[in-house]
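1. what follows is a predicted structure for the sequence shown.
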Amino acid sequence: MSEITDIAPDARQDPIFTRSDGAVIGRDGCRIPVPWTEHGATFGFSPDPASAEPWLPLPADWGSLSVERQEQDPASPLTFIRDVLSIRASHPGFADASFEWRPSGPQVLHFARAHGVGVIVNLGEEPVAMPEHTQILVTSQPIVDGALPPDAACWYATG
């Protein structure tokens, strides 16, 4: 979900907004309630009919970002995060606390664990060559010609 920048001044809740007479908008734009269902006045955040409105207004088009909608999409961010958490919990390579940064470009985060697993995140605008690996555990975008696309992350195994 993106930052909401067009919250009406009278709906803002962050104290810094009122303390600064609106000069500092504060954090309200990133504190909008999570939409749980695709439909309804509060997208499932409050039961329908809601006896109380959420503390901040939900954008009218956020039903498409709801948990209900994302659970139906195998390529959704929710599915990706659930897959990552499942692999982290079940793969023996993530069982200890070892951690080592690997050499990478200025727009890349890359670390490995002692038991043959690693994570690479491409924050740049160009594809990044994947390190040697035996298995892709989970990736936010498909690996193309051995490279991780921009704005993508990959958890991999090496043995």
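-> Yep, it's here.

2. neighbours of the nearest residue to Gln135 once chain neighbours are set aside, how many?
-> Closest residue in space to Gln135, ignoring its immediate chain neighbours: Ala157 at 4.4 Å, by CB to CB, 6 or more residues apart in numbering. No exception for glycine: its C-beta is placed from N, CA and C like everyone else's. Counted with other CB atoms under 10 Å, residues neighbouring Ala157 total 16.

3. could you pull out the buried residues of the lengthiest helix in the chain?
-> The longest helix of the chain (DSSP state H) is helix 77-90. By neighbour count on 16 or more other CB atoms under 10 Å, the buried set for helix 77-90 is 80, 83-84, 87-88.

4. any chance of those in JSON lines, with pLDDT too?
-> Below are the buried residues of helix 77-90 laid out as JSON lines (pLDDT from 0 to 100):
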{"residue": "Phe80", "pLDDT": "90"}
{"residue": "Asp83", "pLDDT": "91"}
{"residue": "Val84", "pLDDT": "91"}
{"residue": "Ile87", "pLDDT": "90"}
{"residue": "Arg88", "pLDDT": "88"}
